[in-house]
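Trainee: Sequence first, then the predicted structure, then my questions.
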Amino acid sequence: MSHIKYDLAIPAALQALRYSMLLCGQEVIDLVPTYLLLGKASIGLKQYSQAEEYLSMAKWAILKVKDCSQEVRGLLHRNIGLLYLSKGNYEDALKETALDVHIYFNFRFIIILIHIIQIIYLVYF
């Protein structure tokens, strides 16, 4: 991970966050990807308290929205797991990663099930 230039990602993501806030307001789900990016870059720079702040803002935005996508929820758990792993908190890292995997496979299973139902419908009806 050391070849990734996290220090360059922070100013760009902060600018994207400012523009997103101007465009969408401050408390919307549209800000979550930028918070996740800022959190991941902060983890890469070992700025853990800053990463926790960004990830908690993402989590709060997700909790406030009823119809948040499973993909976004999974990314949140993945980044929180990465934070715990980077800090050496392996037990919590494992829990968050397990949540990410659980969300990922449930999401994929539902999509596959929908496709199977569509195929059955097309074949038999």
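Mentor: Ah, there it is.
Trainee: Tell me how many other residues surround the closest residue to residue 51 other than its chain neighbours.
Mentor: Of all residues not flanking residue 51 in the chain, residue 42 sits nearest, at 3.7 Å (Cβ to Cβ, 6 or more residues apart in numbering). For every residue, glycine as well, the C-beta is placed using N, CA and C. Burial measure for residue 42: 25 neighbouring residues, criterion other Cβ atoms under 10 Å.
Trainee: list the contacts for residue 42?
Mentor: Counting by Cβ atoms under 8 Å, 6 or more residues apart in numbering, residue 42 makes contact with 6, 10, 48, 50, 51, 54.
Trainee: ok, those vs residue 97, which is closest?
Mentor: Using Cβ to Cβ, residue 51 comes nearest to residue 97 of the contacts of residue 42, at 16.2 Å.
Trainee: Contact partners for the nearest residue in space to residue 23 that is not next to it in sequence?
Mentor: Leaving out its chain neighbours, the residue that sits closest to residue 23 by Cβ to Cβ, 6+ apart is residue 30, at 8.0 Å. Taking Cβ under 8 Å, 6+ apart, we find residue 30 in contact with 20, 23, 24.
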